[in-house]
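Participant: when you get a sec, could you give me coordinates for this:
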Amino acid sequence: MNIDILQEVRKNHETVVGWRRALHQIPELGTELPKTVAFVAGRLAEMGIPYEIYEDCSCVTATIGKGGKCILLRGDMDALPVQEKTGLPFASNIPGRMHACGHDAHTAILLALARALKRNEDKLGVRVKLLFQPSEECETSGAKAMLEGGAVDDVDCVVCTHCLDSQRSGNIGYHFGHYMAACDPVTITFLGKTAHATMPEKGIDAIAMAYEAMGEMKQIAAQVAGERTYIFSYGFIQGGTAHNVIADQCTLKVSFRYFDMEMAKEIKERCIAACEKIATQIGGSVEIDWKMSAPPVYNDNALTESFVRSVRKIIPEKLEEVPLRNSTEDFAWFLTKK
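Facilitator: Numbers count the residues shown, from 1 in each chain. Okay, here's the model as predicted:
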């Protein structure tokens with residue numbers, strides 16, 4: 001394959017910036033992305049690239065080139081429930097929603113690459129499959145749904161990019177092996193019995209259960225993890241209705257991030273057992289919803305080395321190794337199969 005990819009990118013720079021800014025104004029959430037899907041489909045149609053829309057989940061796929069081997073390139077499209085206050089002329093037009101995590105850039109970059117590859121389709125020695133993915137930001141992973149739907153069954157490898165505001169614009173980062181953490185979003189609801197605050201003995205205090213569980217679970221995570229990298233953060237606690245009423249319900253929400261799956265399994269089992277014991281001792285009960293939204297991202301060493309060699313041939317001065325990150329990327333689901 002002999003394509004001057006840098007020349008292709010540079011001559012389309014202003015167009016791609018315009019695409020990104022247009023996408024930035026129409027942020028949508030989860031699997032409900034009608035405006036974004038219409039934008040992507042419109043650009044692909046202009047390029048003469050056949051595409052398929054999955055209406056039930058707002059996904060778009062397309063394939064360029066011919067050949068036995070197939071590379072899948074993924075860009076995620078969904079935004080976040082954040083109110084934009086930047087004041088930019090291309091700021092979000094939808095109240096309470098914003099492309100605060102760069103998925104507008106990811107989508108524009110994949111469209112830019114589609115244009116460059118389509119213009120050089122006769123030089124490609126492989127097939128390139130484009131996957132515009134929904135619901136990367138949600139507890140219900142769009143990547144997992146695509147994986148289970150067979151989106152990567154016909155490909156040999158999968159590649160994506162992830163923007164970082166810590167990097168200088170124009171630079172390309174890489175990392176061998178484990179790079180981004182797995183994430184378990186955990187919801188724990190303690191159930192007790194209401195009573196007047198002046199007669200606490202007649203009630204079962206759900207807030208007391210949650211308070212004790214918070215300390216116990218933190219201690220369990222630290223003991224099991226030892227020197228291994230993990231995050232165990234409480235992001236939400238809600239219980240009670242008034243200062244003079246014993247709460248009959250209290251809910252905790254935890255963000256658990258990690259790289260070691262066996263360590264995570266032990267922490268999960270011990271935390272669940274601790275919550276059940278605490279609830280029983282105080283006289284109440286507990287409901288626990290503990291699932292994994294994404295496994296760790298593990299970058300294949302051979303593929304990463306091939307990528308690094310390619311970048312060094314084109315723009316070696318822009319290449320930099322980036323450190324391990326505790327954030328999560330549901331692209332990891334694809335890596336469980338390919």
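
Participant: residue 197 contacts residue 247, doesn't it?
Facilitator: No: Residue 197 lies out of contact with residue 247 (C-beta atoms under 8 Å); the separation is 10.0 Å. Every residue, glycine included, has its C-beta placed from N, CA and C.

Participant: please identify which of the two sits among more neighbours.
Facilitator: residue 247 (24 against 11; other C-beta atoms under 10 Å).

Participant: now that one: how far from residue 289?
Facilitator: Separation of residue 247 from residue 289 (C-beta to C-beta, to the nearest Å): 20 Å.

Participant: list the contacts of the nearest residue to residue 57 once chain neighbours are set aside.
Facilitator: Leaving aside its sequence neighbours, residue 57 sits nearest to residue 31 (C-beta to C-beta, 6 or more residues apart in numbering; 4.6 Å). Contact partners of residue 31, counting by C-beta atoms under 8 Å, 6 or more residues apart in numbering, are 56-58, 78, 134-135, 138, 142.

Participant: if we go to 7 Å?
Facilitator: 57-58, 134-135, 142 (C-beta atoms under 7 Å, 6 or more residues apart in numbering).

Participant: same list (the residues you listed) but as a markdown table, adding pLDDT.
Facilitator: Listed next are the contacts of residue 31 as a markdown table, based on pLDDT from 0 to 100:
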| residue | pLDDT |
| --- | --- |
| 57 | 90 |
| 58 | 95 |
| 134 | 97 |
| 135 | 96 |
| 142 | 94 |
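
Participant: out of those, who's nearest residue 149?
Facilitator: Relative to residue 149, the closest of the contacts of residue 31 is residue 57; by C-beta to C-beta it sits at 8.3 Å.

Participant: quick one, what contacts the closest one?
Facilitator: For residue 57, the contacting residues are 31, 134, 142, 145, by C-beta under 7 Å, 6+ apart.

Participant: recalculate using a threshold of 8 Å.
Facilitator: 31, 134-135, 142, 145.

Participant: in ChimeraX, how would I select the buried members of these?
Facilitator: In ChimeraX syntax, the buried subset of those is picked out as below (16 or more other C-beta atoms under 10 Å):
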select :31,134,135,142,145
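
Participant: what is the neighbour count of residue 20?
Facilitator: 20.

Participant: repeat that for the one 3 residues further on.
Facilitator: Applying other C-beta under 10 Å, we find 25 residues neighbouring residue 23.

Participant: now the contacts of residue 57 as CSV including distance to residue 169?
Facilitator: Shown next, in CSV, are the contacts of residue 57 (distance: C-beta to C-beta, whole Å):
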residue, distance to residue 169
31, 31
134, 27
135, 27
142, 27
145, 32
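
Participant: which ones among the contacts of residue 57 lie within helices?
Facilitator: 142, 145 (DSSP state H).

Participant: right, and the helix or strand after the lowest-mean-pLDDT helix or strand in the chain?
Facilitator: Lowest by mean pLDDT, DSSP states H and E among the helices and strands of the chain is helix 5-11, with a mean of 80. Next helix or strand after helix 5-11 toward the C-terminus (DSSP states H and E): helix 13-24.
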